[in-house]
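[1] based on what follows, work out the 3D shape:
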Amino acid sequence: MNRQESRTRRNRQEADAETEIGTRILEASRRLLADKGWSGLTISAICKEAGVYRAAISYHFGSKEGLAAVLLENLVHEAAFRMMTTVRRTAPSDLRVRDTVRGFDMLGGRELQVVFFEAFTHLIRDPDLRQHLRRLYQDANGMAAIAMGGGNPGKVPELYPYAVMLVAFADGLIIQQLASPEEDFEPVIEAFSRMLTPVIAEIVSDDQAGPSNDVARNRVAT
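    Below is the predicted model of the structure:
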């Protein structure tokens, strides 16, 4: 192995090590937020839980708030990936709407739902981080629009307002699930899906599922 190859290999190993450290910090922060809330997410607690020095947190995330912002971003992208994976296997548009709601609604289960809102309620107070949250929601809305359109990006502009509505519905449903974990919200998801499906079916002109365009217009009008 020559000197250049040795240097390249060493740089790759160092990069892998840094990535692994960043992942450990994020996973430790998830556990702390789920177990102890925002007040328990201290730099010293993160260091102890992740087995790292303070400098590692500063290097990777800058601050506790910066760390929480990245953590929130990861949670949203994980939920979106699960949603897209599920919807990709769903052909009819009526099922696409339902599965899109479910994908965002579950957010990885109750523990990660708690983590999401613990981070969100604090980051929304910071004007700079609020812009980060705004971009996250724009990404989530865009992915929901693509999912409901069956993967057709050309339909995104028309579907985007309904995607905003869907993501907002999912957010509200998560809050109610956290407040009433014993309650069955499946009928609520089904009702919302039935309400939105005719409009989505009309936009994507999907004759495989849902009512005809005339019926869709009548339902929206009523």
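
[2] and the residue nearest to T121 when sequence neighbours are not counted, how many neighbours?
    Leaving out its chain neighbours, the residue that sits closest to T121 by Cβ to Cβ, 6 or more residues apart in numbering is W38, at 7.7 Å. Any C-beta I mention is one placed from the backbone N, CA and C, and that applies to glycine too. Close neighbours of W38, defined as other Cβ atoms under 10 Å, add up to 16.

[3] my guess is W38 contacts F120. True?
    No: W38 is not in contact with F120 according to Cβ atoms under 8 Å; the separation is 10.2 Å.

[4] nearest residue to K155 other than its sequence neighbours?
    K155 sits nearest to G149 (Cβ to Cβ, 6+ apart), 3.8 Å away.

[5] from Y137, how far out is that neighbour?
    18 Å (Cβ to Cβ, to the nearest Å).

[6] which one's more surrounded, the two?
    When G149 and Y137 are compared for neighbours, G149 comes out ahead with 24 against 14, by other Cβ under 10 Å.

[7] and the more buried one, what does it touch?
    When contacts are counted by Cβ atoms under 8 Å, 6 or more residues apart in numbering, G149 touches 155-156, 159, 200, 203-204.

[8] mind redoing it with 7 Å?
    G149 makes contact with 155-156, 159, 204 under the criterion Cβ atoms under 7 Å, 6 or more residues apart in numbering.

[9] again with D35
    With Cβ under 7 Å, 6+ apart, D35 has no contacts at all.

[10] which of the helices or strands spans the residue positioned nearest the centre of the chain?
    Nearest to the mean C-alpha position of the chain, by Cα atoms, centre = their mean, lies V76 at 1.9 Å. Assigned by DSSP states H and E, V76 falls within helix 64-88.

[11] which residues are contacting that helix?
    Taking Cβ under 7 Å, 6+ apart as the rule, helix 64-88 contacts 25-26, 29-30, 41, 43, 57, 61, 96, 99-100, 103-104, 107-108, 112, 115-116, 119-120, 122-123, 126, 129, 132, 136, 140, 143, 147.
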